[in-house]
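[1] the sequence and its predicted three-dimensional model are supplied below.
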Amino acid sequence: METMRLNHFCRVYEHCSIRKSSDVLHLSAGTISKSIKTLEKELGEILFVAEGRGIVPTDFAHLLYPKALDIINQISQLKSKNEVSPVLKIAVGESTGTFLIASHLSKYFDTFQVSLYQLESGDVERAIAAKQIDWALTFEPQAHEGIAIHSLAKIPMNIYVSKKHQLKQHEELEFIVPTVPLGKMPTFERGQDGWPDHILPRKIKFRVDGLHTAIKLTCHSSSAIYLPEFVGGKIDELKVCTSVKMPKVQQRTLYLLTRHGDDLRKECKRFASMVRTVLTKN
């Protein structure tokens, strides 16, 4: 007995009509009628009888219907367990991965497996071009053949210090900054954290590999840290440093990187929409 015929039977049982069932299943009435007759032969039982211009289920059909539904549901569950979910490979920075999207991915990609990677600028572009990852979020994109760069949003930046320590003037303030990755050249116009060194030089106290370590160090020292507001605003032990007057409101642009031609995929658009939505809520 094929589950397809059981499915046809359930639809006819629910609508008490071959024609209505054929509309729901997008099949011809003749196909549905033939399927029901074949099922009756297999079971050795009559399932429907004529009544006026329509049909009504027999007593046997009333007994069969809940069991048929159960069989269909169980087989559907078995099939879904055996199906391998597509895997999306996304490169993110520590700030965007931990504080921006990690807690929201399951809401938007419940039918996908998602792998998150932390890669440096330059490595990101090569990984996408080599099809090792699908997309990337980065503040510092680099031009690369075959890579499309999409501007997602302007991210407000701010200076944060521990609530336990008194504010210092800019000339006294010492910063915690990211280390330059081994084998990489520093960017002299703009620091690794996006600080405008070419506009406003600063003193550096610590160079730290890892955002969580840098934040902990800031919370327990008199040093400052330069962070996106969606990160700093979520750390209870930190406050905005108002003693440093920036030349203008500081923002960093967050970019989405994809392979050329891949940016029109439905999943990619959904990911971009998710990031923008999360940013507006932060």
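    Cool, got the structure.

[2] and whichever strand in the chain runs longest, which residues are buried?
    If you go by DSSP state E, the chain has its longest strand at strand 147-162. The neighbour-count criterion (16 or more other CB atoms under 10 Å) identifies 147-149, 152-153, 155-162 as the buried residues of strand 147-162. Every residue, glycine included, has its C-beta placed from N, CA and C.

[3] could you do stretch 69-81 as well?
    69, 71-72.

[4] now these as TSV including secondary structure and pLDDT?
    What follows is those, written out as TSV (DSSP: H, G, I helix; E, B strand; the rest coil; pLDDT from 0 to 100):
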residue	secondary structure	pLDDT
Leu69	helix	89
Ile71	helix	90
Ile72	helix	87
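
[5] name the nearest of those relative to Trp135.
    Ile72 (37.4 Å; CB to CB).

[6] these two touch, right, that closest one and Cys10?
    Yes: counting by CB atoms under 8 Å, Ile72 touches Cys10, with 7.0 Å between them.

[7] in the protein, which spans are helices?
    3-15, 18-25, 29-43, 59-82, 94-95, 105-108, 123-129, 211-219, 229-232, 266-281 (DSSP state H).

[8] could you dump those helices to CSV with distance to Thr179?
    Below are the helices of the chain laid out as CSV (distance: least, CB to CB, whole Å):
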stretch, distance to Thr179
helix 3-15, 60
helix 18-25, 62
helix 29-43, 68
helix 59-82, 45
helix 94-95, 13
helix 105-108, 28
helix 123-129, 16
helix 211-219, 10
helix 229-232, 18
helix 266-281, 26
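
[9] lowest-confidence stretch among these?
    With a mean of 70, helix 105-108 has the lowest mean pLDDT of the helices of the chain.

[10] chain center to that one, what's the gap?
    Helix 105-108 sits 5 Å away from the centroid of its parent chain (CA atoms, centre = their mean, to the nearest Å).

[11] which strands or helices does it pack on?
    helix 266-281 (3 or more CB pairs under 8 Å, 6 or more residues apart in numbering; DSSP states H and E).

[12] put the alpha carbons of the helix it packs on into PDB.
    Taking C-alpha atoms only, helix 266-281 is exported to PDB below (Å, rounded to 0.1, in the frame of the first residue of the first chain):
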ATOM      1  CA  LYS A 266      17.100  34.200  -1.100                       C
ATOM      2  CA  GLU A 267      19.100  33.000   2.000                       C
ATOM      3  CA  CYS A 268      21.700  35.800   1.500                       C
ATOM      4  CA  LYS A 269      19.000  38.400   1.400                       C
ATOM      5  CA  ARG A 270      17.500  37.000   4.500                       C
ATOM      6  CA  PHE A 271      20.800  37.100   6.300                       C
ATOM      7  CA  ALA A 272      21.400  40.700   5.300                       C
ATOM      8  CA  SER A 273      17.900  41.600   6.400                       C
ATOM      9  CA  MET A 274      18.500  39.800   9.800                       C
ATOM     10  CA  VAL A 275      21.700  41.800  10.400                       C
ATOM     11  CA  ARG A 276      19.900  45.100   9.600                       C
ATOM     12  CA  THR A 277      17.000  44.200  11.800                       C
ATOM     13  CA  VAL A 278      19.200  43.200  14.800                       C
ATOM     14  CA  LEU A 279      21.100  46.400  14.400                       C
ATOM     15  CA  THR A 280      18.000  48.600  14.600                       C
ATOM     16  CA  LYS A 281      17.000  46.800  17.800                       C
END
